[in-house]
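Participant: Based on what follows, work out the 3D shape:
(2 chains)
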Amino acid sequence: MSVGTAEALVLVLRRELVLSFRRPEQIIQPLVFFLIVTTLFPLGLNLQISLLRAMGPGVLWVAALLSSLLSLDALFRSDADDGTLEQLALAGQGLYVIVAAKTLAHWLVSGAALVVV
Amino acid sequence: MNSANDGLCVEKVHVWRGDRHVLKGLSFEVARGELLHVSGPNGVGKTTLLRVATGLLRPEQGRVSWRGKPIASAPEQYQSELAYCSHEPALKGDLSALENLKFTVRLKRRVDDDELTACLQRTGAARCAELPARSLSAGQRRRVAMARVLAMQAPLWLLDEPFTNLDASGVDLVSGLLAEHIERGGLALVVAHNELKVAGKSRRLALQG
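Facilitator: As a prediction, the model looks like this:
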């Protein structure tokens, strides 16, 4: 009774989501950072409205990029440190399934949340 | 059928870690129904050897084969037939013992909660099933890791220091599980410092620095 690729993908995705929601600070911290950068930027510079309008999208992108860096570290490091990454790698499912599921879960809890904000 | 075609075969394996030549042309075989106890001083390459046997580490020279085929030719097939327990129990602290088992064993085989709970019961960790792994003692974590090995129902067990942190009854339990495993025709490669008291066919490989 071997386990199919789709089933394995869903299982790893669920694992990642459960783990993320058990540590909500990992989701909230990048969002708060994003909000702080985007609100402090105009306050700090005291620019004209027209200039702010022109700079706005750029600032948003850079802030989003920086805040996503904050959560990037958690993607593989904690699993590598506690040895669970080895267990996943030896699950007989191929690394691409594990990496795809982990990346998708990471995007859902950091990228998608950022998009919503 | 000879053992080379039926079990695990390691041939002239060489591994370097940086400048250090850790494994120098090591060869051995483990046949069905046999246990190989790997011992040796710290840093001699026991864990490296086990990682080579899992396929996690590729040797610079030499070959590892399983049932007559090199493991590199079908790594996923090989991995689905092995249960590996590293020297750290590899549990997520935020997940309960049962969840830890679910999220790893179910990648290998379809198994329901009752069976996983039965495995925890077998290793004396049933009381820990719903507790987060972070709150368990080192010995309990080891028992949960052993329950995972059991639940995988794999023919090949690769265990790194499975007796660490276990009390006397835990050591007897793991020895009993190993004896049962090889009696059923399973294979085991066990890295351990202490003497193994496992009934059945077992050999010892002492690595020297």
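
Participant: CA atoms for contacts and neighbours, from now on please.
Facilitator: Will do.

Participant: residue contacts, residue A:52?
Facilitator: residue A:42 (Cα atoms under 8 Å, 6 or more residues apart in numbering or on different chains).

Participant: Helix or strand: which one has it?
Facilitator: Assigned by DSSP states H and E, residue A:52 falls within helix A:49-72.

Participant: same check, this time on residue B:10
Facilitator: If you go by DSSP H and E, residue B:10 is part of strand B:8-17.

Participant: where are the low-confidence patches of chain A?
Facilitator: A:1, A:117 (pLDDT under 70).

Participant: Run through the helices of it in chain order.
Facilitator: For chain A, the helices defined by DSSP state H cover A:5-22, A:25-45, A:49-72, A:77-82, A:84-89, A:95-106, A:112-116.

Participant: Would you mind listing what in chain B touches chain A?
Facilitator: Residues of chain B lying close to chain A (Cα under 8 Å from any Cα of the partner chain) are B:54, B:56, B:75-80, B:84, B:86, B:88-92, B:94-95, B:103-110.

Participant: give me that answer again for 7 Å
Facilitator: Applying Cα under 7 Å from any Cα of the partner chain, one finds that chain B approaches chain A through B:76-77, B:79-80, B:88, B:90-91, B:94, B:103-104, B:107-110.

Participant: Include pLDDT and secondary structure when you put the residues you listed into TSV, please.
Facilitator: Formatted as TSV, those follow (pLDDT from 0 to 100; DSSP: H, G, I helix; E, B strand; the rest coil):
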residue	pLDDT	secondary structure
B:76	90	helix
B:77	91	helix
B:79	93	helix
B:80	92	coil
B:88	90	coil
B:90	94	coil
B:91	95	coil
B:94	94	coil
B:103	94	helix
B:104	94	helix
B:107	93	coil
B:108	92	coil
B:109	91	coil
B:110	92	coil
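
Participant: just the buried members of those residues?
Facilitator: Buried subset of these (neighbour count, 16 or more other Cα atoms under 10 Å in any protein chain shown): B:76, B:79, B:80, B:88, B:90, B:91, B:94, B:103, B:104, B:107, B:108, B:109.

Participant: just to revisit the earlier point, out of the residues of chain B next to chain A, which two sit at the greatest distance?
Facilitator: B:77 and B:94 (30.2 Å; Cα to Cα).

Participant: Low-confidence bits of chain B, can you list those?
Facilitator: Checking chain B against pLDDT under 70 turns up B:1-5.
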